Each structure stands twice: as C-alpha cells, then as structure tokens.
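1. Turn this into a structure:
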Amino acid sequence: ASIPPEQSVPLVTAPQTKETKIHVPASESPTPLPQDMEEDTEVSTPGRKEDSPPPPGCNKGGVWGHNNYVGTKTKMLSCLACLFVCLPGLFMMMCPQDEEEAYLVNNKVYNEAGQCLGNSDDLQFTSLAESQR
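-> Numbers count the residues shown, from 1 in each chain. This next block holds a predicted model:
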C-alpha cells in the first residue's frame, strides 16, 4: 500500500501554544521584621505547654506530659523483631514505642479527651518539664 508519486499527502502539524513569560523582579532587600519582633524571639512549637488547661472533666493543678503505651507501632515492631530474631523479639513489648499526650493529676493519668488511663505508678508517664531536660 504505497502512495503513488503523483499524489501527495498533506502535512499535519501539531497545534502551537502561545507561551507567556512573566518577569518577576527579585527583591533587592529582605522584608524587615516588625519593630516589636526581634530576631531572638522564641517561636512556639506545636503541642501542649505546661500551662495548658486540663482535659474536659479533670481537675486543675495537674501537669501535661507524654504517656508511652503498647499500641500499633509497638506491636508492628515486635512482629518484625520476632521474624528476624524469633522469641527475643517479644522483648520489644517491654519498650513501648507509641506515645500520646496525657495529663497527670491526683496520681491519675488522663488522655486529651478526659478518659482515665490509670494510675501513674502503672503507666510510663513523663511530664513535659522532665522531657525537656
């Protein structure tokens, strides 16, 4: 199925798009800081602070901190450790890797929703003041 020399095939070109370039001048000097903000200003980090209000239904006067517990992350790591080192991998369950924010008041630990997690003696609670050392 060749084309005879006397017949020609029309040339089809792809549609052309028109590009528009925008010139954005570079700033000659950085934006100055407001007068009331100095370079040494401490920037707040996300998360709880020691002076945050307690969870709903909890008494004031407690401290915020972190509670380590056996959760999904710890169980997954323990399963992987068991695959590679067999039974000694179960010792991963004694080193919880999951962490949540918790509130300690009157020797009881509460989560952010105000549910009691248990006594501080039975849990791995670390106050924010201790964890910042």
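2. For residue 61, give me its contacts.
-> residue 105 (Cβ atoms under 8 Å, 6 or more residues apart in numbering). For every residue, glycine as well, the C-beta is placed using N, CA and C.
3. ok but it is inside a strand, no?
-> No - counting by DSSP: H, G, I helix; E, B strand; the rest coil, residue 61 is not part of a strand but coil.
4. pLDDT score for it?
-> On the pLDDT scale, residue 61 is placed at 91.
5. Relative to residue 122, how far out is it?
-> 21 Å (Cβ to Cβ, to the nearest Å).
6. Ok, residue 95 next?
-> Taken as Cβ to Cβ, the span from residue 95 to residue 122 is 17 Å.
7. ditto for residue 113
-> 19 Å.
8. residues near residue 106, how many?
-> Residue 106 is flanked by 10 other residues according to other Cβ atoms under 10 Å.
9. give me phi/psi at the spatially closest residue to it that is not a sequence neighbour?
-> Spatial nearest neighbour of residue 106, excluding adjacent residues (Cβ to Cβ, 6 or more residues apart in numbering): residue 59 at 6.7 Å. The phi and psi torsions at residue 59 (degrees, to the nearest 10) take the values phi -70, psi 150.
10. looking at it, residue 59 is touching residue 105, isn't it?
-> Yes - assessed by Cβ atoms under 8 Å, residue 59 is found in contact with residue 105 at 5.2 Å.
11. Which one of the two is surrounded by more residues?
-> Each of residue 59 and residue 105 has its neighbours counted (other Cβ under 10 Å); residue 105 has more, 16 against 11.
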